[in-house]
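S.K.: fold the following, please.
(one chain, ligands or ions: 1)
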Amino acid sequence: MSDVRQHADDIHEQFSDHLDVDVEDVEERLTTLVDEYKVPMDEARRSVTNHYLEEAGLEREDISSGDSEAVTIEDVDEPEEWIDLTAKVIELWDPRSDSVAQVGLLGDPTGTIKFTKWAKSELPALEEGGVYELRNVVTDEYQGRYSVKLNSTTVIEELDEDLEVGNDTSEIEGALVDMQSGSGLIKRCPEEDCTRVLQNGRCNEHGEGDGEFDLRIKAVVDDGIDAHEVIFDKDATEDLTGLSLEEAKDMAMDALDTTVVADEIRADIVGTYYRIEGPTFGRYVLADDVEELDGPADAEELLIKARSM
Ligand SMILES: [Zn+2]
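M.R.: Residues are numbered from 1 along each chain as shown. So this is what the prediction gives:
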């Protein structure tokens, strides 16, 4: 069988339940693009697939490739691949759109990846901490970060086992350009197993409470290509600023105002260059190992890194 015919067969198979189309028609469209317009085959496939999607009034997520492959999360490095994953739901986030039923973070021993589950797919709900076999999910990419989409062809099977989740470690070199609200001297809910940060003295879950003081920084670090959100816990904040939790409490007490701590920290760190290493957790990098740099990292080296990503 010719190469073009094989691709035509694949596409034809994907649409067999949705459209009355001849495999010859698919092949002819591919041949025209590849032979006459010199379009590379993968691009031609995408274009022809899009044509039939439109004709059938379907979204890409509605059609299956029919041959999804079992992979681990670290193997995900191409968009629009159909894969099977065995993963644990690490956390669920609030969907920002009605078209999304669930969104959150999946993990397996090799790393973590964001997932989105469409509302119209009408799939069973995933639960935080649950381990699932997810067959027929499709990969996606946005600004170099990969995610997976659960769609109407996805098969979800809950597994009665635990799964160890590995960390993706990130290294960022760049300027700390902003410190976000919720940084500095904060108060956390004292309830057991609740470490939520109190907003105006209230925990979202447990209401009004005294709270326990903690130090934290939520910063934005720009590596010249991308902005990364970095969290410094108490130890990392003390190391970074030289300010201890006790000293921070004294400062706040003297000023009768906790915001003086954030102001002091901001003046100290914003505009400084750092190399930061640590695990990635959702969209955050947790600062584990921090080194202050003299100035901007070598631009050429950054470019080489960017190209190799
Ligand atoms: Zn609480």
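S.K.: for residue 214, what are its contacts?
M.R.: Applying CB atoms under 8 Å, 6 or more residues apart in numbering, we find residue 214 in contact with 185-188, 234, 245. Placement of C-beta: from N, CA and C, glycine included.
S.K.: try it again at 7 Å.
M.R.: With contact set as CB atoms under 7 Å, 6 or more residues apart in numbering, residue 214 has these partners: 186, 188, 234.
S.K.: so which of those residues is the most crowded?
M.R.: Comparing these by number of neighbours (other CB atoms under 10 Å), residue 186 comes first, having 20 neighbours.
S.K.: against residue 211, how distant is it?
M.R.: Distance, residue 186 to residue 211, using CB to CB, to the nearest Å: 8 Å.
S.K.: can you tell me which of the contacts of residue 214 is nearest residue 170?
M.R.: residue 234 (20.6 Å; CB to CB).
S.K.: surely that closest one meets residue 212?
M.R.: No. Contact between residue 234 and residue 212 fails when scored by CB atoms under 7 Å: they sit 11.0 Å apart.
S.K.: what residues sit buried inside stretch 251-268?
M.R.: Within stretch 251-268, the residues scored as buried using 16 or more other CB atoms under 10 Å are 251-252, 258, 260-262, 264-266.
S.K.: count of neighbours near the closest residue to residue 201 other than its chain neighbours?
M.R.: Once flanking residues are discounted, residue 201 sits nearest to residue 208: 6.2 Å by CB to CB, 6 or more residues apart in numbering. Here the number of neighbours of residue 208 (other CB under 10 Å) works out to 10.
S.K.: which residues does residue 208 bridge with?
M.R.: Beta-bridge partners recorded for residue 208 (DSSP bridges): residue 202.
S.K.: start at 36, not 1
M.R.: All set: I'll call the first residue 36, so the last point we hit is now residue 243.
S.K.: from residue 292, how far off is it?
M.R.: Distance, residue 243 to residue 292, using CB to CB: 20 Å.
S.K.: what of residue 221?
M.R.: For residue 221 relative to residue 292 (CB to CB), the value is 14 Å.
S.K.: near the ion, which residues of the stretch 136-285 of the chain?
M.R.: Residues of the stretch 136-285 of the chain lying near the ion by CB under 5 Å from the ion: 224, 226, 229, 231, 238, 240-241.
S.K.: quick one: furthest residue from the center of the chain?
M.R.: Distance from the C-alpha centroid of the chain peaks at residue 289, with 41.4 Å (CA atoms, centre = their mean).
S.K.: where does it fall, helix, sheet strand or coil?
M.R.: Recorded secondary structure, residue 289: helix (DSSP: H, G, I helix; E, B strand; the rest coil).
S.K.: just the strands in the stretch 36-185 of the chain please.
M.R.: Taking DSSP state E, counting those that start in this stretch, the strands of the stretch 36-185 of the chain run over residues 104-105, 117-128, 135-143, 146-153, 166-177, 180-185.
S.K.: in strands, which of the contacts of residue 249 appear?
M.R.: 221, 223 (DSSP state E).
S.K.: which one's the longest helix in the protein?
M.R.: As assigned by DSSP state H, the longest helix anywhere in the chain is helix 76-91.
S.K.: CA atoms of that one as CSV?
M.R.: What follows is helix 76-91, C-alpha atoms only, in CSV (Å, rounded to 0.1, in the frame of the first residue of the first chain):
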residue,chain,number,x,y,z
MET,A,76,2.4,14.9,4.8
ASP,A,77,1.7,15.7,8.5
GLU,A,78,0.5,19.1,7.5
ALA,A,79,-1.6,17.6,4.7
ARG,A,80,-3.1,15.1,7.1
ARG,A,81,-4.0,17.9,9.5
SER,A,82,-5.6,20.0,6.7
VAL,A,83,-7.6,17.1,5.3
THR,A,84,-8.7,16.1,8.7
ASN,A,85,-9.9,19.6,9.4
HIS,A,86,-11.8,19.6,6.2
TYR,A,87,-13.8,16.6,7.3
LEU,A,88,-14.2,17.8,10.8
GLU,A,89,-15.9,20.9,9.4
GLU,A,90,-18.0,18.9,7.1
ALA,A,91,-19.2,16.6,9.9
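S.K.: tell me the helices and strands packed up against it.
M.R.: For helix 76-91, the packing partners by 3 or more CB pairs under 7 Å, 6 or more residues apart in numbering; DSSP states H and E come out as helix 38-50, helix 58-66.
S.K.: residue boundaries of the strands in the stretch 236-344 of the chain?
M.R.: 237-238, 242-243, 247-257, 262-267, 308-316, 319-321, 324-328.
S.K.: okay, these in TSV with distance to residue 122 and mean pLDDT next?
M.R.: Converted to TSV, the strands of the stretch 236-344 of the chain look like this (distance: least, CB to CB, whole Å; pLDDT from 0 to 100):
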stretch	distance to residue 122	mean pLDDT
strand 237-238	30	90
strand 242-243	35	89
strand 247-257	27	95
strand 262-267	23	94
strand 308-316	15	88
strand 319-321	19	88
strand 324-328	27	93
